[in-house]
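Undergrad: how would this look folded up:
(one chain, ligands or ions: 2)
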Amino acid sequence: MTSRVDLRDVSVSFPDGESRVTAIDHASFEAAPGELAVIRGASGSGKSTLLNVIAGLQAVDDGTVRVGDVDVATSGEEELAMMRLTHVGVVFQENNLLTEFSASENVQLPLRARGWATSQVTTETNAMMEAVGLGALGRRRPSQLSGGQRQRVGIARALVGGRNVLVADEPTGALDTTTSHAVFALLREFSRRGVTVIVASHDPEIDTYADRVVFISDGTIS
Ligand SMILES: Nc1ncnc2c1ncn2[C@@H]1O[C@H](COP(=O)(O)OP(=O)(O)O)[C@@H](O)[C@H]1O
Ligand SMILES: [Mg+2]
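TA: Numbering: from 1, shown residues only. Ligands and ions are numbered 1, 2, ... in the order given. The predicted structure follows:
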């Protein structure tokens with residue numbers, strides 16, 4: 001499946017008492033395969049909502065959303081869950097790793113959910129842990145890793161199994177500058193290998209790693 005992301009004239013609103021509040025207002029956005037695009041905007045401008053739309057986690061009122069071959073706006077929950085399992089990875093500021101599992105076990109979860117054979121799971125997980133620079137730390141629990149290392153595990157879990165679109169919502173929001181640079185460089189590396197990476201970030205440090213920065217204000221993309 002291709003990793004092109006294409007949103008046309010998308011609107012999203014939320015109930016707000018008697019009326020509704022507009023979070024995304026006729027926004028269009030596209031990212032080519034292998035592109036690293038940054039979405040920048042103030043708090044409350046609609047960044048997270050937009051990323052959730054791309055990941056099929058937020059329904060739209062209007063507009064078209066295509067991710068690869070998937071018509072996200074008209075797909076059902078099951079199709080969207082399958083899309084996330086096989087095609088689109090998601091990373092948040094808090095990386096939501098399962099604390100009772102080791103780093104490697106966290107990364108294995110999507111492959112097990114897909115019913116991969118154990119030997120394939122091991123091979124792919126080890127390759128992914130190497131790719132994020134954690135080849136030697138797979139046995140550690142999340143609590144035994146630094147914030148930056150945990151975020152690397154989150155990225156590995158999001159991309160394991162050949163997923164080629166990564167949606168990252170303020171992935172370095174809780175990290176210091178040096179660690180943030182290392183995470184941005186890693187995202188850049190994956191995009192060079194063909195992963196389309198879409199990052200919501202208000203950190204200007206990411207700009208040197210980005211192909212494009214788009215600005216969002218009150219749900220409008222400019
Ligand atoms: N689940 C929700 N219910 C109601 N309002 C929401 C919800 N999610 C977001 N919003 C509103 O939508 C707007 C955009 O929010 P968000 O996408 O989280 O912005 P950002 O990520 O840029 O801070 C804000 O006004 C926010 O309050
Ligand atoms: Mg947000």
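Undergrad: CA only for contacts and neighbour counts going forward, please
TA: Noted.
Undergrad: Quick check: residues of this protein near ligand 1?
TA: 14, 23, 41, 42, 43, 44, 45, 46, 47, 48, 49 (CA under 6 Å from any ligand atom).
Undergrad: which residues does residue 221 contact?
TA: 27, 28, 29, 214, 215 (CA atoms under 8 Å, 6 or more residues apart in numbering).
Undergrad: For ligand 1, state which of these is nearest.
TA: Set against ligand 1, the nearest of these by CA to the nearest ligand atom is residue 215 (10.4 Å).
Undergrad: In three-state terms, how would that closest one be classified?
TA: What DSSP: H, G, I helix; E, B strand; the rest coil gives for residue 215 is strand.
Undergrad: Now it. Nearest residue, chain neighbours left out?
TA: Excluding its sequence neighbours, the residue lying closest to residue 215 (CA to CA, 6 or more residues apart in numbering) is residue 40, at 4.9 Å.
Undergrad: Strands - which of the residues of the chain next to ligand 1 land there?
TA: 14, 23 (DSSP state E).
Undergrad: Let's have the residues of the chain next to ligand 1 in TSV, adding pLDDT, distance to residue 164 and neighbour count.
TA: Listed next are the residues of the chain next to ligand 1 as TSV, based on pLDDT from 0 to 100; distance: CA to CA, whole Å; neighbours: other CA atoms under 10 Å:
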residue	pLDDT	distance to residue 164	neighbour count
14	97	30	12
23	98	27	21
41	95	25	20
42	93	28	13
43	94	28	11
44	95	28	13
45	96	26	19
46	97	24	25
47	97	21	29
48	97	20	22
49	98	21	21
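Undergrad: Mind checking which of the residues of the chain next to ligand 1 land in helices?
TA: In helices, defined here by DSSP state H, the members of the residues of the chain next to ligand 1 are 47, 48, 49.
Undergrad: Quick check: the second one touching residue 167?
TA: Spelled out, it's residue 48. No. Taking contacts as CA atoms under 8 Å, residue 48 lies outside contact range of residue 167: 9.9 Å.
Undergrad: Am I right that residue 125 falls within a strand?
TA: No. With three-state DSSP as the criterion, residue 125 is assigned helix and is not in a strand.
Undergrad: what number of residues lie near it?
TA: 26 (other CA atoms under 10 Å).
Undergrad: do the same with residue 141
TA: 19.
Undergrad: So for it, what pLDDT did the model give?
TA: pLDDT recorded at residue 141 is 97.
Undergrad: Quick one: neighbours of the nearest residue to it once chain neighbours are set aside, just the number.
TA: In this structure, residue 141 finds its nearest non-sequential neighbour in residue 102, 4.3 Å apart by CA to CA, 6+ apart. Neighbour count for residue 102, taken as other CA under 10 Å: 20.
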